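Student: Fold the following, please.
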Amino acid sequence: MDDDLRERLHHAAASHLPDRERMLARIERSMAEEPPVRLPLRAPKPWLRVVGATAAVCGVLAVGAVAVTSAGQGEQGAGRPGQQVAGEPVSPAPEARSTERGGALPAENGPLWSDGSVDAHSNRYWAQSNVTLRTAQPLTALAVELRVALNGGVNTTGSWRSLPVEDFVASAQEEDGFLVYRWTLKPGRNVRAGTYTFAGQYNHAEGVRNAARDDYTARARAAGGQASVGGGFTDGR
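Tutor: The predicted model follows:
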């Protein structure tokens, strides 16, 4: 190859060197003008749908279990340990039970006055023992206990009080040779000043029953402190 040809080829090659900046600019313009390529969405495979549905069901069941557990706990909290089932005899707390019998206590003490009597409507087969309690001050706590000696086929037929039934926990059970009725004022409830009756009813053997061993006690708390009264029963028939 002669020198003249070599020189012309060299100039031709030099004139065709790529312009890098122009090429980058052209590529950027092309990318801006063309819409982005989107791949088609594929439907999930059947086994994925099954897994998803199973997870959703498990989630619902888990939430339901948590809700039931929470309701059950709330329901117990409340915090009431030893709660009695409706209709089951309920005994008051030990501190509400009498440690002294009726004959060892006065019939009147502080704001309290009391009396025990066999109701005039009692008969040869059935009787009602009444504890009458009068308070000159409102009471924030009250526990009344009536004991009927188990002499001659005594068994309970019910009880009542002239104060609201929902304000008291009541029970009747046999203890140490006595049929024992108890009424205990619920926490947070009050008894206004006034006169009230607590009555225990029971069957007994035919004839006039001897109430000499029966007794009652009542313990209360008022603004001035605690007061206790008690005594036996007179026959009002």
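
Student: which regions of this protein lie under the pLDDT threshold?
Tutor: In the prediction, the chain carries residues with pLDDT under 70 at positions 1-3, 5-100, 236-237.

Student: show me where it has strands.
Tutor: Applying DSSP state E to the chain gives strands spanning 108-109, 112-118, 126-135, 139-149, 155-161, 168-175, 178-185, 194-203, 215-222, 225-231, 234-235.

Student: With mean neighbour count and distance to residue 101 as new columns, can these be given to me in CSV?
Tutor: Just so you know, the C-beta spots here come from the backbone N, C-alpha and C atoms, and that holds for glycine as well. Putting these into CSV (neighbours: other Cβ atoms under 10 Å; distance: least, Cβ to Cβ, whole Å) gives the following:
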stretch, mean neighbour count, distance to residue 101
strand 108-109, 16, 15
strand 112-118, 20, 12
strand 126-135, 21, 14
strand 139-149, 23, 8
strand 155-161, 15, 20
strand 168-175, 16, 12
strand 178-185, 23, 10
strand 194-203, 18, 16
strand 215-222, 24, 5
strand 225-231, 18, 7
strand 234-235, 12, 17
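
Student: nearest to residue 4, of these?
Tutor: Residue 4 sits nearest to strand 168-175 of all those, at 127.3 Å, using Cβ to Cβ.

Student: Report all helices and strands that the closest one contacts.
Tutor: Based on contacts counted as 3 or more Cβ pairs under 8 Å, 6 or more residues apart in numbering; DSSP states H and E, the elements that strand 168-175 packs against are strand 155-161, strand 178-185.
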